[in-house]
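Engineer: Give me a 3D structure for the following:
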Amino acid sequence: MSVPVPLPSRLSTGDLAWASVTAVLRSVSDSPPADPDPDRIAMAYRSDRLLRVDGQAASVWSASSGFWRANDGWLRTHGNYPHRARALRRGLALSADADAADLRAAFAAASVHESVDRITAAGGLAVPVNAENPDLDATLRSRPLVELRRVGDAPRSAASAGTAESSRTAPLHGIRVLDLTRVIAGPVCTRTLALLGAEVLRIDPPHLAEPEWQHFDTGHGKRSALLDARSAQMTALVEGADVIVLGYRPAALARLGLAPELLAEQHPGLIIAQLSAWGTAHPDRAGFDSLVQAESGIAMIESPDGERPGALPAQALDHSAGYLLAAAVCETLRRRRREGGTWHIETSLRRVAAELLGMPRREAPEPEREIDPAEHSQEFLIEGRTLVTAGSVLPGFSFAAPRPWGGDRPQWRSPRTARA
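Structural biologist: Model (predicted):
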């Protein structure tokens, strides 16, 4: 890499971002036409800062999300979804209109683990801010960053995707991807697959809305529909898919009848890409990038003063996991075309964190470098509203516009051509 990706931090955030993005390029071409732009990668990893809807910036973090000082240390909470914020307040025995001062007082009056246990028991999300655990990270790194396993037999695919020189601008044309992911990492993966020409259909539960800004930030090129995952229509959608990308907790997938082992048994030839926060060893545990940074030790490594926790310059675990998973899907499609089979791909934010923690470090973050956002953005018109988002990091590929969340019908648009 001739020019580093400008994501200043003590850890090798920029190097991780570069490796994750270039993995996608290598997965679709033995000789990528050009290297990605390091500045474009940095802007894409910080896409929430660039996003504008009718000129207005997104309100990304809720008052219930952040670092809080307890009487014996620090903890981190995540309450961006309203139901998680309600659970957090319920766990702390606070009223619905409690403000930041009330939260600070409640946390200061208890230990880290008392607050974490109460919030978790109420269905909220909180973790302790820990020092790193090198032994645990070494154990996690002993396994592949992205695990790829053949889990069943199936005939070779009839797909032509990614084979012809004429398909260089859409190497995944003809591939159907069913997207059952939320927030950032999974949607970045499926946004990348759509960018490469796949037909991506995102399905969300009717009762749990996605923040509009979040969908606009990662919904490029996909259709978006609402459907109960237990319905017969969902079964038909899975039957028609080449790839299913799963981003829900492993235990939740099992309750919905979407456990990878069951999908593999019922749908030979399917590629099942699974992403979680903490890994399948923790099937009931929900999490987000910020929580994994806090518990894994990253937050204290990035501390501005050795006392207060800090953060990476972007939600780099999310974005890197998304690109790495997309690269693995592309590689598995090539393998399925050559040898057939049913495949399971898996990674987690915690595994990506372990990778970052094993990379070289700096004594202090490098200086911030100014980047002109106008050079790295795309503009779209969506139902009369102007949307500005970060542009594609893959040279030669441009995003299609996101569609309104939940505005499409839950059905495939094109005839199946990829899976025989």
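Engineer: residues in contact with Pro8?
Structural biologist: Pro8 makes contact with Pro313, Pro365, Glu366, Pro367, Glu368, according to Cβ atoms under 8 Å, 6 or more residues apart in numbering. Every C-beta, even on glycine, is put in place using the N, C-alpha and C of the backbone.
Engineer: What strand or helix carries it?
Structural biologist: Counting by DSSP states H and E, there is no helix or strand that carries Pro8.
Engineer: Any stretches of the stretch 51-200 of the chain with poor pLDDT?
Structural biologist: When the per-residue scores of the stretch 51-200 of the chain are filtered using pLDDT under 70, the ranges that remain are 158-168.
Engineer: what are the ranges of the strands in it?
Structural biologist: Ranges of strands in the stretch 51-200 of the chain, per DSSP state E, counting those that start in this stretch, are 52-53, 56-57, 66-70, 73-77, 126-128, 147-152, 176-180, 199-204.
Engineer: packing partners for the first one?
Structural biologist: Same thing as strand 52-53. Contact analysis of strand 52-53 by 3 or more Cβ pairs under 8 Å, 6 or more residues apart in numbering; DSSP states H and E lists helix 212-218, strand 385-390 as its packing neighbours.
Engineer: Could you list the buried residues of the longest one?
Structural biologist: By that I understand helix 212-218. Neighbour counts over helix 212-218 (16 or more other Cβ atoms under 10 Å) mark Trp213, Gln214, His215, Phe216, Asp217, Thr218 as buried.
Engineer: got the contact list for the last one?
Structural biologist: Thr218 is in contact with Ser47, Ile184, Pro187, Val188, Arg191, Pro402, counting by Cβ under 8 Å, 6+ apart.
Engineer: which of those are buried?
Structural biologist: Among the contacts of Thr218, those classed as buried by neighbour count (16+ other Cβ under 10 Å) are Ser47, Ile184, Pro187, Val188, Arg191, Pro402.
Engineer: from these, which single one is nearest Ala109?
Structural biologist: Ala109 lies nearest to Ile184 out of the buried ones among the contacts of Thr218, by Cβ to Cβ, at 33.0 Å.
Engineer: which one is that closest one nearest to, not counting chain neighbours?
Structural biologist: Taking Cβ to Cβ, 6 or more residues apart in numbering, and ignoring the residues beside it in sequence, Ile184 has Asp318 as its nearest neighbour in space, at 3.8 Å.
Engineer: that's a strand at Ala314, yeah?
Structural biologist: No. With DSSP: H, G, I helix; E, B strand; the rest coil as the criterion, Ala314 is coil rather than part of a strand.
Engineer: Just give me the neighbour total for the closest residue to it other than its chain neighbours.
Structural biologist: In this structure, Ala314 finds its nearest non-sequential neighbour in Tyr45, 3.9 Å apart by Cβ to Cβ, 6+ apart. Tyr45 is flanked by 29 other residues according to other Cβ atoms under 10 Å.
Engineer: Next up, the contacts around Tyr45.
Structural biologist: So, once contact is read as Cβ under 8 Å, 6+ apart, Tyr45 ends up touching Val5, Leu7, Ala17, Pro313, Ala314, Gln315, Ala316, His319.
Engineer: one step back: what's the most distant pair in the contacts of Thr218?
Structural biologist: Ile184 and Pro402 (14.1 Å).
Engineer: In terms of pLDDT, where does Arg419 sit?
Structural biologist: Each residue has a pLDDT score; the one for Arg419 is 47.
Engineer: try Arg403
Structural biologist: At Arg403 the predicted local confidence, pLDDT, stands at 95.
Engineer: Could I get the full set of helices for the stretch 101-250 of the chain?
Structural biologist: In the stretch 101-250 of the chain, the helices defined using DSSP state H, counting those that start in this stretch lie at 112-121, 134-141, 185-195, 212-218, 232-239, 250-255.
Engineer: show me what contacts Asn130?
Structural biologist: For Asn130, the contacting residues are Ala294, Glu295, Ser296, Gly297, Met300, taking Cβ under 8 Å, 6+ apart as the criterion.
Engineer: Do me a favour and average the pLDDT over the helix or strand containing Glu295.
Structural biologist: Under DSSP H and E, the secondary-structure element containing Glu295 is helix 289-296. The average pLDDT within helix 289-296 is 98.
Engineer: what angle do it and helix 185-195 make?
Structural biologist: Regarding helix 289-296 and helix 185-195, their directions subtend 130 degrees when assessed with axes from the mean of the first three to the mean of the last three Cα atoms, to 10 degrees.
Engineer: from the middle of its chain, how far away would helix 289-296 be?
Structural biologist: When distances are taken as Cα atoms, centre = their mean, to the nearest Å, helix 289-296 is centred 14 Å away from the chain's centroid.
Engineer: Contact partners for Pro36?
Structural biologist: With Cβ under 8 Å, 6+ apart, Pro36 has these contacts: Trp18, Val21, Thr22, Leu25, Val393, Leu394, Pro395.
Engineer: how deep is Glu199 tucked in, by neighbour count?
Structural biologist: Here the number of neighbours of Glu199 (other Cβ under 10 Å) works out to 24.
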